[in-house]
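Q: Build me a model:
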Amino acid sequence: MHALVHPADIQDRDRDGGVLVMAMLFGLYPFLLKLYADGGYQGPVFQTGLRRVCRQISVEIVKRSDQAKGFAVLPKRWIVERTIGWLNRCRRLAKDWECRTRKARAFLLLASIRLMTRKLCQKTI
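A: Below you'll find the model as predicted:
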């Protein structure tokens, strides 16, 4: 739905990275009401920054169970991991070859368009 490529010295958990992406995403799609986030985003810096930018958003943190040993599927987390796996099948996205962030975002959007086109054109029996 939205992508932002920034330098590696900007963390997503801080106000700089994650809140900027969420502000742009929920600005483009104001009908979205819920955000599923990783356990790393439960910190007060991200939460207060997000509340300041997007007041109507309900945030649900998907946490790992303390009782689970080994691999355990987390709800909603597999969707993100699956999508990243699909995007990493594109050779251009498998490594960070791009020198400019706008080129990296362009190739990410092209890979997303390719992925969505394949899913829309897929014949089901």
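
Q: what's the span of stretch 66-82, first residue to last?
A: Criterion Cα to Cα, to the nearest Å; first-to-last residue distance in stretch 66-82 is 23 Å.

Q: can you give me how far it is from the chain middle?
A: Distance of stretch 66-82 from the chain centroid (Cα atoms, centre = their mean, to the nearest Å) equals 16 Å.

Q: What are the buried residues along it?
A: By neighbour count on 16 or more other Cβ atoms under 10 Å, the buried set for stretch 66-82 is 74, 77. For every residue, glycine as well, the C-beta is placed using N, CA and C.

Q: Let me see the residues that make contact with it.
A: Residues outside stretch 66-82 that contact it (Cβ atoms under 8 Å, 6 or more residues apart in numbering) are 36, 38, 62-65.

Q: Check which helix or strand the residue nearest the centre of the chain maps to.
A: Against the mean C-alpha coordinate of the chain, by Cα atoms, centre = their mean, the closest residue is residue 80 at 7.0 Å. For residue 80, the enclosing helix or strand under DSSP states H and E is helix 77-87.

Q: can you pull out the helices in the protein?
A: Using DSSP state H, the helices of the chain run over 18-28, 44-53, 77-87, 91-94, 101-121.

Q: Measure how buried residue 41 is and give me the count.
A: The number of residues packed near residue 41 is 20, by other Cβ atoms under 10 Å.

Q: For it, give me its contacts.
A: By Cβ under 8 Å, 6+ apart, the contact set of residue 41 is 12-13, 18, 47, 59, 61.

Q: With residue 17 instead?
A: Per Cβ under 8 Å, 6+ apart, neighbours of residue 17: 4, 6, 10-11.

Q: need these in JSON lines with distance to residue 32, can you?
A: Converted to JSON lines, those look like this (distance: Cβ to Cβ, whole Å):
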{"residue": "4", "distance to residue 32": "16"}
{"residue": "6", "distance to residue 32": "21"}
{"residue": "10", "distance to residue 32": "23"}
{"residue": "11", "distance to residue 32": "23"}
